[in-house]
Every structure is written in structure tokens, then in C-alpha cells.
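Novice: missing the sequence, but the structure's below:
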């Protein structure tokens, strides 16, 4: 079973290595020195790995990692994949940030400088701007 002292004593090596805790949770010590909490589980006959988070002052404590492990086990017992839920949450957050930034910029069309002057085409259609300038 891992303790705070045991985690602090972990030193990076040339290759990443794992140190087990209990209940399937373990830490991965990366060559960069980063320590990451992970949990391997099976759901519907498939093996999946959930990355609980990174250890450290800006990351997870050992106690918080164990709390997340309890939450993950609860999700698995309900037939939900915590790893897939985490991926979906990341995608939703990314989409929300993207839509918030596009809402701030409004519906203004962007003008991009080109070799022959300015083009009023949207930022995603640079090729259409080049085609319209060359007459093709």
C-alpha cells in the first residue's frame, strides 16, 4: 500500500515503471519524474485504464486519488466506463471553450493578408481566397 513517504521516495528511471497501491490503483513513474495515478479495470469483457490524475502540489494528493478510485468503482458497478466518461467530459469542455471564444468574436468576417492584398474570406477557407484572387 502506498504512503506519502513511499511516493516521495520514488525516483525516475530510464523507462517508466509501476508501483501498486491497492484495489487495482497504481502509480506510474515516468522518466520525466512525473507520477501519475491510474486504475485498470474490466467492463463488458474489455480491459480499460483510467488515468486518475498527476501527483503533486498542482495535481492530486494520494487521498484525493483514492476518492476518485471509489467514484470510478461506483461507475463501473453501474455499468458505466469512467475512462470514456472522462473523455466525453474533456470533449464537452473543449467544445464549450471553442463556442465561447467564437461567441466573443461575434459574426465578424476576418480579413487575412495575402501576397496580393487582403482577402475577406473566412479563416477556414484560405484556399478559396487564393482561388478567387487568381481568377480560378
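Specialist: Arrived safely, thanks for sending. Computed from a predicted structure; not experimentally measured.
Novice: For this protein, which segments count as helices?
Specialist: Counting by DSSP state H, the chain has these helices, from start to end: 4-8, 62-77, 82-105, 126-134.
Novice: Please list the residues outside the longest one that contact it.
Specialist: Put plainly, it is helix 82-105. If you take C-beta atoms under 8 Å, 6 or more residues apart in numbering as the criterion, helix 82-105 is touched by 48, 49, 50, 51, 71, 72, 75, 76. Bear in mind the C-beta positions are built from the backbone N, C-alpha and C, glycine included.
Novice: Residue 74 versus the fourth one, what's the distance?
Specialist: Taking C-beta to C-beta, to the nearest Å as the criterion, residue 51 is separated from residue 74 by 18 Å.
Novice: count of neighbours near the nearest residue to residue 14 once chain neighbours are set aside?
Specialist: Excluding the flanking residues, the one nearest residue 14 by C-beta to C-beta, 6 or more residues apart in numbering is residue 31, at 6.1 Å. For residue 31, the neighbour count with other C-beta atoms under 10 Å is 11.
Novice: neighbours around residue 35, how many?
Specialist: Neighbours around residue 35, by other C-beta under 10 Å: 19.
Novice: Hmm, residue 18 and it touching each other?
Specialist: No - Residue 35 is beyond contact range of residue 18, at 10.8 Å (criterion: C-beta atoms under 8 Å).
Novice: In contact with residue 4: list those residues for me.
Specialist: Residue 4 makes contact with residue 62 under the criterion C-beta under 8 Å, 6+ apart.
Novice: Could you report the separation of it from residue 35?
Specialist: With distances taken as C-beta to C-beta, residue 4 is found 11 Å from residue 35.
Novice: picking up where we left off before, could the contacts of helix 82-105 be laid out in a markdown table, adding neighbour count?
Specialist: Below are the contacts of helix 82-105 laid out as a markdown table (neighbours: other C-beta atoms under 10 Å):
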| residue | neighbour count |
| --- | --- |
| 48 | 15 |
| 49 | 10 |
| 50 | 23 |
| 51 | 12 |
| 71 | 11 |
| 72 | 23 |
| 75 | 18 |
| 76 | 18 |
